[in-house]
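> Take a look and give me a structure for this.
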Amino acid sequence: MTDTFGRREFLQIAVAGGALYVGTRGAFGQAAEGKPLQLISPGCRRSKVRVGKVYMGKPRAHWPTPKMDLTAEMQKYEGEFARMGKAFADVEFVCNELITSPEQVQPLKDKLTGADGILVIHLSMGITPILNEIVKLGQPTMLFAAPYSGHEWCGFGALQKSKAGAMLDCMLTSDYEQLAVAVRPFRAIHHMREAKILNVTANPYPEERTKAVKEKFGTEIKTIGRQRVLDVYNAVDDKQAQAEADRWIAAAEKIVEPSKDEIFRSCKLALAFQKILDEEEATVVTVECYGSMYRQLPAFPCISHVRMNNMGLGGICESDMDSALTHVLFQGLVGKPGFISDPTVDTSNGTIILAHCLGTTKMDGPDGEAAPYKLRCIMERQEGAVPQVTMRTGQKVTQARLVGTKSLIWFTGTIVDTPDIDRGCRTKITVKVDGDIDRLWQNWSHGLHRVTCYGDLRQDLMRFCKFKSIEMVHEA
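A predicted model of the protein is given here:
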């Protein structure tokens, strides 16, 4: 028997009983013990991103002016970094130097090569010998050059395309906000190297693939068995599980199919998975829910996955390791979770409908507003409990999938609709594709799943892929 009731009715009952905590932090960003989750940044719980910051300039250079005070110019930039302090809260600058000659690079070699990346800021003309010494280090390097920095920009394009500049990318802009964007690929590299993915399955990820992922990205993949999940689940305090269920019910627009017991078990499983993540110092969990773990656990992991995504961790459907790695990549780049989907195409209007029963409510990241949702059953199974989320129309989105360790397929578009019909999966977004819809479906490969993230992230993906020697394939 199912219970169908709305938020208003539940609040009236709960307030009368005096037992409800209505806030959404428990459902959307709180640890199992009721304490705020401690993350260095979304998707990272171990260490800060290490960045070498280098200013390049020549005293009395003709451009932008021989009167330039290089130290004062450097301090102007330092003021911008301070102003954007929140964007760099998870960054440790392992050096912060003004370099005026190529000989000054060598003493910094150990610090720069030990960093996740190097941020180079172009102050004046005459810096080519310095830049050449930096790119010789072979580290991921982002160069920021504001207008009037010097004439060297006319050679940056050729340098990027050369073998020597294989690890160099450049930003020519007066927008100082791009300094924060410049460290994104370093953050993604760092996050992927420190990520640990727990795979709840009776069919471990193939050893050769696990090894390849570790060698390429540094990511650890560990199999978790059913019995460990059951042991931790049984140890979860029922009062905590009920409080978590109450928060999900209270924040929902409506409860349609799931019973209160189904929601309770789902929330208890969510607390169990977080406990295991904490024990393992992991950041992502994925469950083979339609395979070896189907009906082998006390509940489906959908609410748990949404909760993890909302908290800045990761909950991934169906033991899909490529999607799990893509989620870590997106989270590293912009601190936002991904939405895994099973698409269907409508060529009449150039759209693709991306659908999955699991919808993450905090697509803007843990500090963003929560989107409205209903609690539903899983469409194709007609069982379980899952948030059906209404995402934001007009939002630019990027779809991508890492294919193993060598390529990334992607396309972009804009959300134009959020269908609420009893077809396909519960959460749906209709995306107007940037590009050729026929090319997209005719060239589709590597399975159904794509991972959607808010924002146009093509440049961020391109920089990451350049630094990690990954081929990018534009699907549309």
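> Give me the contact list for stretch 213-229.
Here stretch 213-229 makes contact (CB atoms under 8 Å, 6 or more residues apart in numbering) with 192-202, 204-205, 210, 269, 272-273, 276, 280, 282, 285, 293, 296-297, 321, 325, 328, 405, 468. All C-beta atoms are positioned from the backbone trio N, CA, C, and that covers glycine.
> Buried ones among those?
192-201, 205, 210, 269, 272-273, 276, 282, 285, 293, 296-297, 321, 325, 328, 405, 468 (16 or more other CB atoms under 10 Å).
> Okay, and which of the contacts of stretch 213-229 map to strands?
Of the positions in the contacts of stretch 213-229, Lys196, Ile197, Leu198, Asn199, Val200, Val285 sit in strands, assigned by DSSP state E.
> right, and the fourth one touches Tyr205 too?
Yes: taking contact to mean CB atoms under 8 Å, the distance of 5.8 Å between Asn199 and Tyr205 places them in contact.
> Pull up the overlap in contacts between those two.
With CB under 8 Å, 6+ apart as the test, Asn199 and Tyr205 both reach Ile221, Thr223, Ser319, Met321.
> The strand or helix carrying the second one: what's the following helix or strand?
When you say that, I think you mean Thr223. Element membership for Thr223 (DSSP states H and E) is strand 220-224. Per DSSP H and E, the first helix or strand lying C-terminal to strand 220-224 is helix 226-235.
> tell me which residues in that next one are buried?
For helix 226-235, burial by neighbour count (16+ other CB under 10 Å) applies to Val229, Val232, Tyr233.
> How is the chain divided into domains?
Following automatic domain parsing, the chain resolves into domains at 9-37+195-474, 49-187.
> which residues does Glu80 contact?
Tyr176, Leu179.
> would you say Ser266 is within a helix?
Yes: under DSSP: H, G, I helix; E, B strand; the rest coil, Ser266 sits within a helix.
> Surely it and Ala385 touch.
Yes: between Ser266 and Ala385 there is a contact under CB under 8 Å: 4.6 Å.
> Now the common contact residues for the two.
Contact with both Ser266 and Ala385 is made by residues Pro258, Ala299, Phe300, Cys302, Ile303, according to CB under 8 Å, 6+ apart.
> quick one: what helix or strand has the third one in it?
When elements are defined using DSSP H and E, Phe300 is found to belong to no helix and no strand.
> How far off centre is stretch 147-155?
How far stretch 147-155 lies from its chain's middle: 34 Å, per CA atoms, centre = their mean, to the nearest Å.
> ok, residues contacting it?
61, 63-64, 122-128, 131, 145, 170, 172, 174.
> Flag every buried residue along it.
Using 16+ other CB under 10 Å as the test for burial, stretch 147-155 gives Ser149, Gly150, Glu152.
> in the stretch 1-150 of the chain, which spans are helices?
7-17, 25-29, 70-83, 109-113, 128-135 (DSSP state H, counting those that start in this stretch).
> Those helices: lowest mean pLDDT?
With a mean of 32, helix 7-17 has the lowest mean pLDDT of the helices of the stretch 1-150 of the chain.
> where's Ala270 relative to Ser162, distance?
Counting by CB to CB, to the nearest Å, the separation of Ala270 from Ser162 is 50 Å.
> Just want to know which of those two has more residues nearby.
Set side by side, Ala270 and Ser162 show more neighbours around Ala270, with 28 against 12, by other CB atoms under 10 Å.
> Does the residue nearest to that one when sequence neighbours are not counted belong to a helix, a strand or coil?
With CB to CB, 6 or more residues apart in numbering as the criterion, Ala270 has its nearest non-adjacent residue at 3.6 Å, and that residue is Ser304. Secondary structure state of Ser304, per three-state DSSP, is helix.
> what's around Ser304, how many residues?
24.
> and the gap between it and Trp248?
Taking CB to CB as the measure, Ser304 falls 11 Å from Trp248.
> again, but for Met56
In terms of CB to CB, Met56 sits 53 Å off from Trp248.
> So which of the two has more stuff around it?
The neighbour comparison of Met56 against Trp248 (other CB under 10 Å) goes to Met56, with 30 against 26.
> Might one say that that one is in contact with Ile99?
Yes: the pair Met56 / Ile99 is scored as a contact, 5.6 Å apart, by CB under 8 Å.
> what is in contact with the two at once?
Both Met56 and Ile99 are in contact with Ile130, where contact means CB under 8 Å, 6+ apart.
> Next, give me the two most distant ones among the ones in strands among the contacts of stretch 213-229.
Largest separation among the ones in strands among the contacts of stretch 213-229 by CB to CB: Lys196 and Val200, giving 13.5 Å.
> right, and the secondary structure at Pro258 would be what?
Per three-state DSSP, Pro258 ends up coil.
> Kind regards, and thank you for your time.
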